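J.: fold the following, please.
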Amino acid sequence: MSSEECVILDVELDGFILCNTSSAQHANLSLLDEDLFYYRFLYAIPTIYGIIILIGLVGNVTLIKIFCTVKSMRNVPNLFISSLAFGDLLLLLTCVPVDASRYLSAEWLFGRVGCKLIPFIQLTSVGVSVFTLMALSADRYRAIVRPMDIQASHALMKICLKAIMIWILSMLLAIPEAVFSDLRPFYDKGTNKTFISCTPYPLTNELHPKIQSMASFLIFYIIPLSVISVYYYFIAKNLIRSAYNLPVEGNVHVRKQMESRKRLAKTVLVFVCIFAFCWLPNHIIYLYRSYHYSEVDTSILHFITSLCARILAFANSCINPFALYLLSKSFRKQFNHQLSCCKARELMKSQSRSTMRMASLKSSNQSMVVFSFINGNHPCHEENV
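T.: Numbers count the residues shown, from 1 in each chain. All right, here's what the predicted structure looks like:
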């Protein structure tokens with residue numbers, strides 16, 4: 001691969017140039033084993049993204065369908081979880097395919113509108129996720145620490161309004177990302193080439209990328225997780241105190257209710273931990289790039305680290321339904337029921353197609369018998385009448 005044949009990747013709104021600088025060794029060979037490895041590696045990435053999309057679609061669509069069709073599952077926490085699933089679906093259907101395309105093409109394929117819209121959608125989805133988790137934590141805090149307030153605060157319309165407000169807030173906070181993201185030319189001295197990259201901030205201002213990345217890290221990660229930590233501190237404190245104060249022969253109904261609330265609080269905490277783990281590397285990479293915005297780190301280590309951070313962030317959108325499957329007996333029961341219904345419908349369709357084929361074959365055979373009698377022949381088809 002000569003210096004003119006470098007693979008230029010537009011990864012995470014930044015350029016990455018995958019080159020082999022020894023052009024003399026490539027004078028007589030079009031591709032070496034190392035180059036073949038690079039290309040195979042690059043084409044394997046969209047496959048991984050495709051698997052994430054497929055798994056995420058199955059999990060989140062099933063989750064939303066359960067909460068929409070099963071009345072017993074329509075409660076306050078599940079309404080928030082459904083909103084979370086919608087946000088994950090939005091990310092999976094828009095941002096993940098676009099990100100995958102960057103590994104297949106050196107040029108940005110989605111124009112100026114796409115350059116502004118895709119980062120906006122991604123940040124909106126992240127906002128919906130983290131602010132919904134914050135709302136769920138607040139809900140668990142009220143249910144466990146202040147149960148007397150739960151009836152007044154759990155009107156369904158009020159919860160729907162909260163979910164809508166979370167979406168509106170997330171979109172408002174994502175507007176700066178859409179405003180500043182734009183197509184900008186990038187010149188690489190190593191390859192002596194200029195290519196167009198979709199960047200989230202102007203390349204001429206040193207302060208802007210630092211402010212933007214730090215603000216994003218604080219608003220969409222540090223502050224919400226800090227608030228959630230405070231909620232869970234009081235939840236844990238209350239549960240520990242309740243464990244000592246509750247009589248051994250206490251009210252069975254109260255004990256069951258407390259156990260149910262503890263399980264749900266544990267589920268929300270697992271969601272929070274998954275989000276924190278999956279999105280932290282991506283935020284760190286974003287901060288690193290914003291403080292080195294004038295440089296392009298072309299090392300393989302940086303490329304692989306960035307790729308893993310992106311895959312981990314997108315994987316968060318397909319993990320939640322399966323975490324819920326493991327943690328919630330009621331959801332697991334409904335999920336299995338949905339799968340069995342799908343299998344039953346597929347079996348019925350298969351049997352219907354088989355019946356139609358048999359009827360068609362019988363009709364065809366009868367026609368052949370009539371035709372044979374008309375022509376004075378008496379073939380073996382008579383036994384099928």
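J.: quick check: residue 136 vs residue 76, distance?
T.: Plainly put, residue 136 is 9 Å away from residue 76 if you go by CB to CB, to the nearest Å. Heads up, the C-betas are built off the backbone N, CA and C, glycines and all.
J.: try residue 196
T.: Distance, residue 196 to residue 76, by CB to CB: 47 Å.
J.: same thing with residue 107?
T.: For residue 107, the distance to residue 76 equals 47 Å [CB to CB].
J.: same deal with residue 103?
T.: Distance from residue 103 to residue 76, counting by CB to CB: 41 Å.
J.: could you report the pLDDT at residue 130?
T.: Per-residue pLDDT puts residue 130 at 95.
J.: any stretches of this structure with poor pLDDT?
T.: 1-38, 148-155, 187-191, 203-204, 243-254, 293-297, 342-385 (pLDDT under 70).
J.: where along it do the strands fall?
T.: Counting by DSSP state E, residue ranges of the strands within the chain are 7-11, 14-18, 182-188, 193-199.
J.: show me what the third one is packed against.
T.: Spelled out, that is strand 182-188. Secondary-structure packing of strand 182-188 (3 or more CB pairs under 8 Å, 6 or more residues apart in numbering; DSSP states H and E): strand 14-18, helix 111-144, strand 193-199.
J.: which one of residue 136 and residue 76 is surrounded by more residues?
T.: For residue 136 versus residue 76, neighbours defined as other CB atoms under 10 Å are more numerous around residue 136 (26 against 21).
J.: tell me the contacts of residue 202?
T.: 180, 182, 184, 208 (CB atoms under 8 Å, 6 or more residues apart in numbering).
J.: look up how far residue 112 lies from it.
T.: To residue 112, residue 202 is 15 Å away according to CB to CB.
J.: before we move on, what about residue 77?
T.: Going from residue 77 to residue 112 by CB to CB gives 41 Å.
J.: what of residue 314?
T.: According to CB to CB, residue 314 and residue 112 sit 24 Å apart.
J.: which of the two has more neighbours?
T.: More neighbours surround residue 314 than the other of residue 314 and residue 112, with 24 against 12 (other CB under 10 Å).
J.: test my guess that residue 116 contacts residue 175.
T.: No: applying CB atoms under 8 Å, one finds residue 116 not in contact with residue 175, separated by 10.1 Å.
J.: the more surrounded of the two?
T.: The neighbour comparison of residue 116 against residue 175 (other CB under 10 Å) goes to residue 116, with 19 against 12.
J.: which residue packs closest to that one, ignoring adjacent ones?
T.: In space, residue 116 comes closest to residue 178 once its chain neighbours are excluded; the distance is 4.6 Å by CB to CB, 6 or more residues apart in numbering.
J.: pull the number of nearby residues for the closest residue to residue 317 other than its chain neighbours.
T.: Excluding the flanking residues, the one nearest residue 317 by CB to CB, 6+ apart is residue 88, at 3.7 Å. Per other CB under 10 Å, the neighbour tally for residue 88 reads 26.
J.: same question for the one 4 residues further on.
T.: Residues near residue 92, counting by other CB under 10 Å, number 23.
J.: what sits against the residue nearest to it when sequence neighbours are not counted?
T.: Leaving aside its sequence neighbours, residue 92 sits nearest to residue 56 (CB to CB, 6+ apart; 4.4 Å). By CB under 8 Å, 6+ apart, the contact set of residue 56 is 88, 89, 92, 317, 318.
J.: wait, the last one sits on residue 55?
T.: Yes: under the contact definition of CB under 8 Å, residue 318 touches residue 55, with a separation of 4.6 Å.
J.: neighbour count winner among the two?
T.: Set residue 318 next to residue 55 and count neighbours by other CB under 10 Å: residue 318 wins out with 23 against 17.
J.: run a quick neighbour tally on residue 239.
T.: 15.
J.: ok, it - contacts?
T.: If you count contacts by CB under 8 Å, 6+ apart, then residue 239 has 144, 262, 265 around it.
J.: looking at those residues, which is nearest residue 84?
T.: Taking CB to CB as the measure, residue 265 is the one of these closest to residue 84, at 16.1 Å.
J.: surely the closest one touches residue 235?
T.: Yes: assessed by CB under 8 Å, residue 265 is found in contact with residue 235 at 5.7 Å.
J.: shared neighbours of those two, anything?
T.: Counting by CB under 8 Å, 6+ apart, the residues touching both residue 265 and residue 235 are 140, 144.
J.: you'd agree residue 70 is up against residue 335?
T.: No: counting by CB under 8 Å, residue 70 stays clear of residue 335, with 10.6 Å between them.
J.: so between these two, which is more surrounded?
T.: More crowded of residue 70 and residue 335, by other CB under 10 Å: residue 335, with 20 against 16.
J.: so what's the more buried one closest to, chain neighbours aside?
T.: Spatial nearest neighbour of residue 335, chain neighbours left out: residue 325 (5.6 Å); criterion: CB to CB, 6+ apart.
J.: show me the contacts for that neighbour.
T.: For residue 325, the contacting residues are 331, 332, 335, by CB under 8 Å, 6+ apart.
J.: next, count neighbours for the second one.
T.: Looking back up the chat, that one is residue 332. 13.
J.: contacting residues for the closest residue in space to residue 83 that isn't next to it in sequence?
T.: Once flanking residues are discounted, residue 83 sits nearest to residue 163: 4.5 Å by CB to CB, 6+ apart. Neighbouring residues of residue 163 by CB under 8 Å, 6+ apart: 79, 80, 83, 132, 135.
J.: show me which of those residues is closest to residue 170.
T.: Residue 170 lies nearest to residue 132 out of those, by CB to CB, at 9.1 Å.
J.: from residue 234, how far off is that closest one?
T.: Taken as CB to CB, the span from residue 132 to residue 234 is 20 Å.
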